[in-house]
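Asker: sequence first, predicted model second:
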Amino acid sequence: MPLAATTVFRVFMLLASFPGTRKHVARLVKGAREWWSGRKIAVIGPTAAGKDSFLARLQGRQIPEVHSNSQMGEKVKSFRVKLALSHHQTIDITCKGVINIGGETDYRDAPSGWLEVCKGADVIFYVMTVTDLAEKRYLKGRRVREDLDWLLTTLPHLKEGVLIHILINKIDEEIECHTDYPALAGKLAEELRALDKVVEKVLFPYASRYSGATLISMKNKRIYTLGLHDALRSVYSALHGDQKRRAA
């Protein structure tokens, strides 16, 4: 791995160790690995956020060098996700019915747009960027907030128990723009807490469907692997916690 990429990865591990920025080294329990096998996921989010790169990473392909708009409701054939994780763990997941779609609002609101894409999905991955986070585009009147409002109105029409997880892409670019890494960690922790608060408020009374947000980089493979590990674990934990609440 080039020196620059290695440095970015080391800084990412430092950021992940700070409270509030998510830890990426927790075990993915056996139950989580088994639950994920054969699940159907949908991938949505603004244009150029990294949706195509995420799907490419999942399939073990090279990420696209140039952004291109996805086709309306582009279906991706079932494929296996094989990852080597920490603690000598491996993941072998069969993803079925994965669907991707363009990020423009016209795609979101079209009859055959995001709603059609998300129908039947067990997990919806919403991909945004660290710039979206920093510029607070999740606040009222901004693009990410509009997408959250769309999710709120759409959830009653989706599969019962569907979970939503946010992937915050391009953390590598944010790291490369800073030298005071503890300050960056504090800033990210604050921004993540603010995002969580807004998402849970907007999605009420479906707040339990939100499994959290994960910092990730589709470009840096090592950060991607750890980020995906955290996302898979967070989704399973949210499901497990919701089941406990319903049982009680």
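Answerer: Great, that's in hand. Numbers count the residues shown, from 1 in each chain.
Asker: quick check: mean pLDDT across the longest helix seen in the chain?
Answerer: The longest helix of the chain (DSSP state H) is helix 221-247. The average pLDDT for helix 221-247 rounds to 80.
Asker: tell me what that helix is packed against?
Answerer: Counting contacts by 3 or more C-beta pairs under 8 Å, 6 or more residues apart in numbering; DSSP states H and E, helix 221-247 packs against helix 3-16, helix 30-36, helix 51-58, strand 79-84, strand 163-169, helix 171-176, strand 210-215. C-beta coordinates here come from the backbone N, C-alpha and C atoms, glycine included.
Asker: those: lowest mean pLDDT?
Answerer: strand 79-84 (a mean of 76).
Asker: contacts for it, please.
Answerer: Outside strand 79-84, the residues that touch it by C-beta atoms under 8 Å, 6 or more residues apart in numbering are 58-60, 90-95, 98, 225, 228-229.
Asker: let me know the pLDDT of K187.
Answerer: Confidence at K187, expressed as pLDDT, is 95.
Asker: same deal with G73?
Answerer: Note for G73: predicted pLDDT of 50.
Asker: next: L184.
Answerer: Looking at L184, its pLDDT reads 95.
Asker: centroid-nearest residue for the protein?
Answerer: L167 (2.4 Å; C-alpha atoms, centre = their mean).
Asker: of the contacts of strand 79-84 - the most surrounded one?
Answerer: Greatest neighbour count in the contacts of strand 79-84, by other C-beta atoms under 10 Å, goes to L228: 24 neighbours.
Asker: if I look at that one, how far off is S237?
Answerer: 15 Å (C-beta to C-beta, to the nearest Å).
Asker: cool, T90 as well?
Answerer: With C-beta to C-beta as the criterion, T90 and S237 are 20 Å apart.
Asker: do K221 as well
Answerer: K221 is 24 Å from S237, by C-beta to C-beta.
Asker: my guess is R22 contacts I216, does it?
Answerer: No: R22 is beyond contact range of I216, at 9.9 Å (criterion: C-beta atoms under 8 Å).
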